[in-house]
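# here is the input, now give the coordinates:
(chains A and B)
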There are 2 protein chains.
Amino acid sequence: MINFQTSPDQYKHWKLSIEGAVAKLSMDVQEDETLAEGYKLKLNSYDLGVDIELADAIQRIRFEHPEVRAVVITSLKPKIFCAGANIYMLGTSSHTFKVNFCKFTNETRCAIEDDSRHSGRRYIAALNGTASGGGYELAIACDEIYLVDDGNSAVSLPEVPLLGVLPGTGGLTRLVDKRKVRRDRADVFSTLAEGLKGKRAKDWGLIDDSFPTSKFQEAIDTRVAQIVNSRSDDRFSSPSPSWERGQGRGLYGANPSASIPLPEGVEKSGIKLNTLEVKSTDDTRNYKYVRVKLKRARRYADLIVHGPDVDLPTTPEEIQKLGDSYWPLQAYRELDDLLLYLRVNEPEIGLVCLRTAGVVDKVLAVDQILAANRDHWLVREIVLHMARVLRRLDLTAKSFFTIIEPGSSFAGNLLELALSSDRIYMLDNSDEPIAIATSELNSGALPMSNGLTRLQSRFLAEPGKVDEILAQKDSFNTEAADAAGLVTFAPDHLDWEDEIRLAIEERTSLSPDALTGMEASLRFAGPETMDTKIYGRLTAWQNWIFQRPNAVGPQGALTNYGKPTQAQFDYKRT
Amino acid sequence: MINFQTSPDQYKHWKLSIEGAVAKLSMDVQEDETLAEGYKLKLNSYDLGVDIELADAIQRIRFEHPEVRAVVITSLKPKIFCAGANIYMLGTSSHTFKVNFCKFTNETRCAIEDDSRHSGRRYIAALNGTASGGGYELAIACDEIYLVDDGNSAVSLPEVPLLGVLPGTGGLTRLVDKRKVRRDRADVFSTLAEGLKGKRAKDWGLIDDSFPTSKFQEAIDTRVAQIVNSRSDDRFSSPSPSWERGQGRGLYGANPSASIPLPEGVEKSGIKLNTLEVKSTDDTRNYKYVRVKLKRARRYADLIVHGPDVDLPTTPEEIQKLGDSYWPLQAYRELDDLLLYLRVNEPEIGLVCLRTAGVVDKVLAVDQILAANRDHWLVREIVLHMARVLRRLDLTAKSFFTIIEPGSSFAGNLLELALSSDRIYMLDNSDEPIAIATSELNSGALPMSNGLTRLQSRFLAEPGKVDEILAQKDSFNTEAADAAGLVTFAPDHLDWEDEIRLAIEERTSLSPDALTGMEASLRFAGPETMDTKIYGRLTAWQNWIFQRPNAVGPQGALTNYGKPTQAQFDYKRT
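Numbering: from 1, shown residues only, chains lettered A, B, ... in the order given. As a prediction, the model looks like this:
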């Protein structure tokens, strides 16, 4: 079982140090500390274990060190920044694992950009040596890239020429869409095993600058000092063209970054993220607020999220005091951990039935406090975290059906669970009315990767409905929810059990591959962003290539990498 | 060898009839008239041969029958409109062929939408019987869908539940992005083998209306009469949100449809599209203006487009008189045919070197006439056709290198060939200067699928450069072209031959699959449209699924369709 929880005192591959407003994340991969057998993590190459630590570090900087304004990512190995994902690990992994590994590393890179965009921390890739493949892709997820000029160190994407696969962590998309490298230069760069360095790398826009070894550290320090001392509103001056504004996070009015001033160092102390407690049996996994029952024989799981059980604090100060046990933070951290668990450890679970328990008004009360205090750094981080977890759900390759029954609390932020589902079933039972409700958080604070809210994505055909629904102050009973288009089916209690049972049976009988492709197509209607390009287009091509004999067959490039044998291609173009 | 040329008198599967302003395209597939052995085209199912006729018919309506305002697509088979792509054909085809087949059918559906959007013809799908799979995807490419209500006929996308693959012709994307069907309903519909009919199909937005058998023909006739009698500016009244405006065709100022009034029936006679003459040897294929030499052993081809050889007409009337021998029409028809030939018949050719021959000023003179007369129906159709051919080039899964040497004519519309290439090599030889030049056609008349011009896509990092380049009245010599960012490399004559040879050798040595995925990612930076979603995201997922054992393995759903055996899935979710 792969465990996604860690903390700095447990890190094997990264060192996180904080000095004033500067965090330094130094990569120093221990080659024998691998997540599986059969490979060594040489040259700062990584496996999922290394990336789990990176994801944890970025999360902790946000919650535990809100005073940090600049994050420097560098390496402790001489002459090498990072060699990317370990090839032998990829070569010995199952297709399913490879795909989930790439997805997690992509989410971690997007988390860096989310922090930069919405919390104003500037990420600096200080490449003290060669950054190849996933190493360069980590750099390109940062805001600025500086490369040492030692006559040797280069940036490169050698996947196509050396391995016959694509850079799997957004590299191609970020080359042309984020750094806007000219497409012919991106073509040359992406087919050049040795990569580029120095002046040409800078001229082509692959790096921001390079400095000789003797001046490298000083140059980085100078730049970091500039960032730390600059006023927050200096930082993002160039307006983006309209098609870019979304970029996965907050196209519309309620974009948190537009309205929330960057913290100016007034909150010197963050909150501690403690390890989540989880109790497991063979077929259950129970956190405090989130619980799952695995029905492995029937290939589905029942997941329930419990709403807040007591009255929650109403001021940021009280919230900060509660820390990571504050419901919106704890429940969503638990959900996040569970989603990762299900993806990697339970591949045969194809369908998750989402349920909630609790009191609608208590959830709405939480949302009201969050919305009212969105300018406070911790509240902002909590809401941005909820948004990331919900996007993780959107991007999970499992079907989701929401089941709304008496006792549920699909309101406000928890209504997003329903809206991110492939289908919503709501019991129509006049004896025991059920309610769902919206809150201010449904109007833009929790955007999908395509930059729209889930309500906007749902009502592309009737955009006016979104405002109508948000304007309704009362909750929706089943009839009203159905009339408003908020549920897929509303069977009465005579049909309810059969209908749910049949829907589950039918769904779990279908080809899991066809479902993955179908859901990836239907979940993200509307505009596209860099994020959706990475998860939709680039990932789909990479997955295709990961299946092809030219990559993974006995004569494939990935299979033969590092062996005396050479890859032999079937040269048919497809 | 598959031949893409045909004409109505040769059609086996379609009947094209024209009555005044109405064209009727009736599908009547002859089950034994297949393109390959091993399957029968029952129930109006289709193979590539059927779709080649459809593509030809749509093209001919535009050029030969400009008076047509409405196109009715229907079937001559009782109770069946179209059963989609033939499953047994798919099951017996190579992966490469399947992918190319889907791409061509997608391009044909996009050609319908291109005609509707830019030439104002309204396409009516008159479903006189069940439309399943590709049959419904053909309908959803039309502007309006009417279904007979005979108690039996339905629309459906049974690919996921029955075959374990995706609808391969844009169906999922058009469901949520064109018809804006709610995502949960799209999910239900796409997993329901038997599909939907009547009221629910209409309520969910899958069809526009349904009529009982006895009234069906009359209802279609009434609707068609309305269209034919309506004023052109009534037709497209609802403005699209900004992210949709592109939809693959003309986001920017020079969108032809915005400035060109629809023809109002004044030109009652079109021009004839004659069969292209082509002379072939084992390793050449020569049309009048377009010629290719295949270097099969080295896996590349030299393709040369000859510019106009004589002075060309300057008025629309003279152009109409010249008809299909007018250079811009003939040269691009030849290029189109050659691209299709190379895709399907020469899969091992991985790289095409694009060259031109001719006089820069003559190409510019043609563009000047085209731009000046863009309001004329025939000129508009010619320019729109050029744009479609160039998009076909963008979407071809082969590498393209443009080679610019003395005697070439990369100007105006032919410069788009260079701009659609993955790289551009231009000889730097002061003894024999070479020139490239822009024309008005580079500023928006020939958009890519992403809605941008190729110059805009090239200069995303410096959008101001596009106007600078377009404003330059003189041509660019090699030095100026290089300085302007219009070429990738400009070697001098000492390095030239070696550099080209090495570039070709290196390119053709790489994994063809990795190159396809890389090019699909790097060619389409910037905004996404329904078209790019179909070609990038949906196609990539479909290609992945087409490789998976759950579809095509011995126990896969596609393999076992129609057999007594049942598919057995590996239920791991990926």
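# check the secondary structure at the spatially closest residue to residue A:459 that is not a sequence neighbour for me.
In space, and not counting its chain neighbours, residue A:459 is closest to residue A:465: 4.4 Å by C-beta to C-beta, 6 or more residues apart in numbering or on different chains. (C-beta placed from N, C-alpha, C; glycine too.) At residue A:465 the chain is in helix, as set by DSSP: H, G, I helix; E, B strand; the rest coil.
# run the chain-centre distance for stretch A:82-99.
Relative to its chain's centre, stretch A:82-99 lies at 19 Å (C-alpha atoms, centre = their mean, to the nearest Å).
# could you give me the average pLDDT of that stretch?
For stretch A:82-99, mean pLDDT is 95.
# show me where the stretch 1-150 of chain A has strands.
For the stretch 1-150 of chain A, the strands defined by DSSP state E, counting those that start in this stretch cover A:14-19, A:22-27, A:45-46, A:70-75, A:79-82, A:84-85, A:122-127, A:129-132, A:144-149.
# now these in JSON lines, with mean neighbour count and distance to residue A:96?
Converted to JSON lines, the strands of the stretch 1-150 of chain A look like this (neighbours: other C-beta atoms under 10 Å in any protein chain shown; distance: least, C-beta to C-beta, whole Å):
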{"stretch": "strand A:14-19", "mean neighbour count": "15", "distance to residue A:96": "26"}
{"stretch": "strand A:22-27", "mean neighbour count": "20", "distance to residue A:96": "27"}
{"stretch": "strand A:45-46", "mean neighbour count": "26", "distance to residue A:96": "19"}
{"stretch": "strand A:70-75", "mean neighbour count": "24", "distance to residue A:96": "29"}
{"stretch": "strand A:79-82", "mean neighbour count": "23", "distance to residue A:96": "25"}
{"stretch": "strand A:84-85", "mean neighbour count": "28", "distance to residue A:96": "16"}
{"stretch": "strand A:122-127", "mean neighbour count": "26", "distance to residue A:96": "30"}
{"stretch": "strand A:129-132", "mean neighbour count": "27", "distance to residue A:96": "26"}
{"stretch": "strand A:144-149", "mean neighbour count": "24", "distance to residue A:96": "32"}
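# do you know the pLDDT at the residue nearest to residue A:459?
pLDDT, residue A:465: 96.
# and it, how far from residue A:407?
Note on residue A:465: its distance to residue A:407, by C-beta to C-beta, to the nearest Å, is 28 Å.
# now do the buried residues in the helix or strand hosting residue A:224.
Using DSSP states H and E, residue A:224 falls within helix A:213-229. Within helix A:213-229, the residues that qualify as buried are A:216, A:219, A:220, A:223, A:224, A:227, counting by 16 or more other C-beta atoms under 10 Å in any protein chain shown.
# just the closest of the residues you listed to residue A:482, please.
Taking C-beta to C-beta as the measure, residue A:482 lies nearest residue A:227 of those, at 51.9 Å.
# mind listing what that closest one touches?
Listed by C-beta atoms under 8 Å, 6 or more residues apart in numbering or on different chains, the contact set of residue A:227 reads A:69, A:70, A:122, A:124, A:235.
# ok, so what distance separates it from chain B?
To chain B, residue A:227 is 22 Å away according to C-beta to the nearest C-beta, to the nearest Å.
# cool, and residue A:514?
Separation of residue A:514 from chain B (C-beta to the nearest C-beta): 4 Å.
# show me what the helix or strand where that residue lies is in contact with.
Assigned by DSSP H and E, residue A:514 falls within helix A:512-522. For helix A:512-522, the external contacting residues (C-beta under 8 Å, 6+ apart) are A:350, A:397, A:399, A:422, A:507, A:535-536, A:540, B:159-160, B:163-166, B:172-173, B:175-176, B:183, B:186-187, B:190-191, B:537-538, B:541-542, B:544-545, B:548, B:550-551, B:557, B:569-574.
# run the chain-centre distance for that helix.
With C-alpha atoms, centre = their mean as the basis, helix A:512-522 stands 19 Å off its chain's centre.
# quick one: mean pLDDT for it?
The average pLDDT within helix A:512-522 is 96.
# residues in contact with the most centrally placed residue in chain A?
Against the mean C-alpha coordinate of chain A, by C-alpha atoms, centre = their mean, the closest residue is residue A:107 at 3.1 Å. Going by C-beta under 8 Å, 6+ apart, residue A:107 touches A:55, A:388, A:392, A:395.
# if I look at it, how far off is residue B:363?
Taking C-beta to C-beta, one finds residue A:107 at 49 Å from residue B:363.
# biggest helix in chain A, by residue count?
Across chain A, the longest stretch assigned as helix under DSSP state H is helix A:95-119.
# enumerate the positions of stretch A:476-483 that are buried.
Neighbour-count burial for stretch A:476-483 flags A:476, A:477, A:478, A:481, A:482 (criterion: 16+ other C-beta under 10 Å).
# what's the pLDDT at the nearest residue to the second one once chain neighbours are set aside?
Setting aside the residues directly before and after it, residue A:477 is nearest to residue A:433 in space (C-beta to C-beta, 6+ apart), at 5.0 Å. At residue A:433, the model reports a pLDDT of 87.
# pLDDT value on residue A:249, please?
As summarised for this prediction, residue A:249 has a pLDDT of 36.
# meant to ask about residue A:237
38.
# let me see the ranges of the helices in the stretch 451-574 of chain A.
Secondary structure of the stretch 451-574 of chain A (DSSP state H, counting those that start in this stretch): helices located at A:454-458, A:464-471, A:478-483, A:496-509, A:512-522, A:530-532, A:539-547, A:549-552, A:557-560.
# just the buried residues of the fourth one, please?
This points to helix A:496-509. Applying 16+ other C-beta under 10 Å to helix A:496-509 flags A:496, A:500, A:503, A:504, A:507, A:508 as buried.
# average pLDDT across it?
For helix A:496-509, the mean per-residue pLDDT is 98.
# what's the angle from that helix to helix A:512-522?
110 degrees (axes from the mean of the first three to the mean of the last three C-alpha atoms, to 10 degrees).
# quick check, distance from helix A:496-509 to the centre of its chain.
30 Å.
# report whether stretch A:561-574 contacts chain B.
Yes. Stretch A:561-574 comes into contact with chain B (C-beta under 8 Å from any C-beta of the partner chain), by way of A:567, A:569, A:570, A:571, A:572, A:573, A:574.
# now the buried members of these.
A:567, A:569, A:570, A:571, A:572, A:573, A:574.
# let's see the pLDDT reported for the closest residue to the fifth one other than its chain neighbours.
Sequence neighbours aside, residue B:347 is the residue nearest to residue A:572 in space, at 4.2 Å (criterion: C-beta to C-beta, 6+ apart). Looking at residue B:347, its pLDDT is 96.
# I'd assumed residue A:443 was in contact with residue A:416.
No. Residue A:416 is beyond contact range of residue A:443, at 11.3 Å (criterion: C-beta atoms under 8 Å).
# can you list phi and psi of the residue in chain A sticking out farthest from the centre for me?
Each residue of chain A has a distance to the centre, and by C-alpha atoms, centre = their mean the biggest one is for residue A:431: 41.5 Å. Main-chain dihedrals, residue A:431, degrees, to the nearest 10: phi -70, psi -30.
# compute the distance between it and chain B, please.
Noted for residue A:431: a distance of 26 Å to chain B, by C-beta to the nearest C-beta.
# cool, and residue A:360?
Distance from residue A:360 to chain B, counting by C-beta to the nearest C-beta: 21 Å.
# contact partners for that residue?
Listed by C-beta under 8 Å, 6+ apart, the contact set of residue A:360 reads A:409, A:410, A:411, A:435, A:436, A:437, A:475.
# picking that back up, redo the strands of the stretch 1-150 of chain A as CSV? Include distance to residue A:114.
CSV is the format used below for the strands of the stretch 1-150 of chain A (distance: least, C-beta to C-beta, whole Å):
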stretch, distance to residue A:114
strand A:14-19, 18
strand A:22-27, 16
strand A:45-46, 21
strand A:70-75, 13
strand A:79-82, 21
strand A:84-85, 22
strand A:122-127, 11
strand A:129-132, 22
strand A:144-149, 17
